[in-house]
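Novice: sequence-free structure coming up:
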């Protein structure tokens, strides 16, 4: 489970995240939806201890991320697929992660197979990877230890349509086996087709949240998304 409780983050006079609260539950994919600049990435960085909130708290599996023992074995994280060492091969990238977590070498081959990267592709340096290949490698690293929680920031970026369907299947299967998934996206269709629960962010705030069924009961998710992020009266009443 992931719990965000009144998270707030300021950079100078700018409030990047304003009193954000939500819960992502096991057996569910929670879509974290909002336009670029809505505060999604900053919120996710606070969840995993890469940014310190000015107020509020975040818990994963019942404790702050920094208190999770050997966190990579319990929480799989992909925040920026481009932030890889360009001089290392894909296989080296995963091998170093596996060693850090105390995993056997077999975990690397299983992860590569799971995300559809061949051994030949894994022997290439990541500096020559396309964004789609980097996303697959990043997801492989997040899944390396069969964690209980997945936190993925824009995992569909750079994937072709078949890759997007693959990614969707990966997270749905993960959740169906009891995992907790938090998946951010600025693409409405991706969240609409993937998520069980949805948190809509706009201007650093949670505009509205609920199950997919609840949020689409009175109309399309598209209508709700665009009216909510525009800050209309409907959005304020839904928040």
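Specialist: That came through, no problem. Because the structure is predicted, anything quoted here is derived from the model rather than measured. Numbering: from 1, shown residues only.
Novice: tell me the contacts of residue 30?
Specialist: Contacts for residue 30 were tallied using Cβ atoms under 8 Å, 6 or more residues apart in numbering; they are 2, 22, 24, 180, 181, 182, 183, 195, 196, 197, 198, 199. Where you see a C-beta, it was placed from the backbone N, CA and C, and this is true even at glycine.
Novice: gap between it and residue 111?
Specialist: According to Cβ to Cβ, to the nearest Å, residue 30 stands 23 Å off from residue 111.
Novice: got a pLDDT number for the nearest residue to residue 101 once chain neighbours are set aside?
Specialist: Closest residue to residue 101 apart from its sequence neighbours, by Cβ to Cβ, 6 or more residues apart in numbering: residue 72 at 4.5 Å. pLDDT recorded at residue 72 is 89.
Novice: Report the central residue of this protein.
Specialist: By Cα atoms, centre = their mean, the chain has its centre lying nearest to residue 152, at 1.9 Å.
Novice: partner strands of the helix or strand encompassing that residue, parallel or antiparallel?
Specialist: Counting by DSSP states H and E, the element that carries residue 152 is strand 149-153. Within its sheet, strand 149-153 is paired with strand 75-78 (parallel), strand 180-185 (parallel), according to DSSP bridges.
Novice: Off-centre distance for that strand?
Specialist: 3 Å (Cα atoms, centre = their mean, to the nearest Å).
Novice: Summarise which helices and strands the following helix or strand past that strand is packed against.
Specialist: Toward the C-terminus, strand 149-153 is succeeded by helix 161-176 as the next helix or strand (DSSP H and E). Under the contact definition 3 or more Cβ pairs under 8 Å, 6 or more residues apart in numbering; DSSP states H and E, helix 161-176 sits against strand 28-33, helix 131-143, strand 149-153, strand 180-185, helix 188-194.
Novice: thought residue 1 was touching residue 23?
Specialist: Yes. The pair residue 1 / residue 23 is scored as a contact, 6.7 Å apart, by Cβ atoms under 8 Å.
Novice: Any idea how many residues pack against residue 27?
Specialist: 13 (other Cβ atoms under 10 Å).
Novice: so what's it up against?
Specialist: Counting by Cβ under 8 Å, 6+ apart, residue 27 has contacts 175, 176, 178, 179, 180.
Novice: Got phi/psi on it?
Specialist: phi 70, psi 10 (degrees, to the nearest 10).
Novice: Near residue 1, how many other residues are there?
Specialist: Residue 1: 14 neighbours (other Cβ under 10 Å).
Novice: cool, residue 104 as well?
Specialist: Neighbours of residue 104 (other Cβ under 10 Å): 10.
Novice: What of residue 64?
Specialist: Residue 64 has 14 nearby residues by other Cβ under 10 Å.
Novice: Number the residues from 11 up from this point.
Specialist: Okay, residue one is now 11; in that scheme the one you just asked about reads as residue 74.
Novice: For the protein, which residues score under the pLDDT cut-off?
Specialist: 229-230, 237-239, 241-249 (pLDDT under 70).
Novice: same thing but at 80, please
Specialist: Segments of the chain classed as low confidence (criterion: pLDDT under 80) are 91-94, 168, 228-249.
Novice: Please identify which of the contacts of residue 37 is nearest to residue 73.
Specialist: residue 190 (14.1 Å; Cβ to Cβ).
Novice: looking at it, that closest one is touching residue 38, isn't it?
Specialist: Yes. Counting by Cβ under 8 Å, residue 190 does reach residue 38; the two are 7.0 Å apart.
Novice: Which one's more surrounded, those two?
Specialist: residue 190 (24 against 20).
Novice: Which residues are in contact with that one?
Specialist: By Cβ under 8 Å, 6+ apart, the neighbours of residue 190 are 11, 12, 34, 35, 36, 37, 38, 40, 158, 159, 160.
Novice: With that, I have no additional questions.
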